[in-house]
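K.L.:
the following block contains a protein sequence and its predicted model.
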Amino acid sequence: MIHNRSVFINHRAATAALGVLVLLTTLFALMPGAGRAEPTGPPLPFQPGERLVYELKWEFIKAGEASLSVMPIETVDGQPAFHFVMTAGSVPFIDVFYKVRDRIDAYANIGLDHSIFYKK
């Protein structure tokens, strides 16, 4: 057995509900940060300005030093990017055999899921 139910909506109540919906939508659109994607996931374990320094050894002989720095966020190809700088250098004694003076600049997108630019 099928029942046919008719729903009657009070015109005044429908107009009020529509007004509330428009008001809430407008307030949401005007909120600071509306429409911007907030980063999801855990906070990053590093911040611009941090630097790690490593002593490079060959057995017990100091062979050089390397560092990894987190630089300020830059814009690369129109998108914000993390900038990392790695440097490595050998000590004078090792320079006689194999001199190392390297610098690598690497840029990654803010989500850290792909590289944008790499330069050695």
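P.N.:
Yes, it's here.
K.L.:
does S90 have beta-bridge partners, and which?
P.N.:
G64 (DSSP bridges).
K.L.:
that one contacts A63, doesn't it?
P.N.:
Yes: if you go by Cβ atoms under 8 Å, S90 and A63 touch, sitting 6.0 Å apart. Backbone N, C-alpha and C define where each C-beta goes, glycine included.
K.L.:
out of those two, which sits in the busier spot?
P.N.:
Applying other Cβ atoms under 10 Å to S90 and A63 shows that S90 carries more neighbours, namely 20 against 17.
K.L.:
now the common contact residues for S90 and A63.
P.N.:
Counting by Cβ atoms under 8 Å, 6 or more residues apart in numbering, the shared contacts of S90 and A63 are L56.
K.L.:
distance of the closest residue in space to F117 that isn't next to it in sequence relative to Q47?
P.N.:
Spatial nearest neighbour of F117, excluding adjacent residues (Cβ to Cβ, 6 or more residues apart in numbering): Y107 at 4.2 Å. Counting by Cβ to Cβ, to the nearest Å, the gap from Y107 to Q47 is 17 Å.
K.L.:
so those two - more neighbours on which side?
P.N.:
Neighbour tally, Y107 and Q47, criterion other Cβ under 10 Å: the higher count belongs to Y107, 21 against 8.
K.L.:
show me the beta-bridge partners of that one.
P.N.:
Beta bridges link Y107 to H83, F117, judged by DSSP bridges.
K.L.:
my guess is it meets A81, correct?
P.N.:
Yes: judged on Cβ under 8 Å, Y107 makes contact with A81 at a distance of 4.3 Å.
K.L.:
spit out the residues that contact those two alike.
P.N.:
E74, I116, F117.
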